[in-house]
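Trainee: here is a sequence with its predicted model. Questions after.
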Amino acid sequence: MSLKIGKYLFTGPFALSECVIRHNHPRAVYAVLVKQGMAWDPQFRLIEIGVSPPQGLNFAADPRLAGWQDDAGGQAVVYLHHATDSEDGRPHDLGAVEADLLAQFGPSGGIVTLSNGV
């Protein structure tokens, strides 16, 4: 499944306990979130937006994992946006994507509905 956050397409959901962005794989913007609301009208509350570091990121070993899961009642998942996931075929600057999303939703996230930018 894909989810559009702002104007960016993210793929997921991936379980935090299993998702690894390896150092030799392309970096990604990640969105840790939780699905809320009714099945017919879902909302996604952002918990954190970030860019994977050059050395990679193992979400299961991340010290922030417990806080993310506490904030989401144990239901947090991650969605990923890679630089090549742009609609126009040109790679995105991941730092600019992160900054744009933080400007829209704030550092502690916000609610993203399926109608947001879709």
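Mentor: Now that the structure is in, tell me what you want to look at. Bear in mind that the values here come from a model prediction, so they are computed numbers and not experimental data.
Trainee: quick one: contacts of stretch 37-50?
Mentor: Contact with stretch 37-50 is made by 3, 5, 29-36, 64, 68, 71-72, 76, 98, 101-102, 105, 108-114, as judged by CB atoms under 8 Å, 6 or more residues apart in numbering. Glycine gets a C-beta too; all of them are placed from N, C-alpha and C.
Trainee: partner residues bridging the residue positioned nearest the centre of the chain?
Mentor: Centroid check for the chain by CA atoms, centre = their mean gives residue 31 as the closest residue, at 1.4 Å. Here residue 31 sits in beta bridges with residue 49, residue 79, going by DSSP bridges.
Trainee: does it touch residue 77 like I think?
Mentor: No: between residue 31 and residue 77 there is no contact under CB atoms under 8 Å: 9.2 Å.
Trainee: now do the longest helix along the chain: which elements does it pack against?
Mentor: Criterion DSSP state H: the longest helix present in the chain is helix 94-105. Contacts defined by 3 or more CB pairs under 8 Å, 6 or more residues apart in numbering; DSSP states H and E place helix 94-105 against strand 8-15, strand 28-38, strand 41-51.
Trainee: isn't residue 82 right up against residue 30?
Mentor: No: checked against CB under 8 Å, the pair residue 82 and residue 30 is beyond contact range at 10.3 Å.
Trainee: so those two - more neighbours on which side?
Mentor: residue 30 (24 against 19; other CB atoms under 10 Å).
Trainee: most distant residue from the middle of the protein?
Mentor: residue 40 (21.7 Å).
Trainee: give me phi/psi at that one?
Mentor: Residue 40 has phi and psi values of phi -80, psi -10 when expressed as degrees, to the nearest 10.
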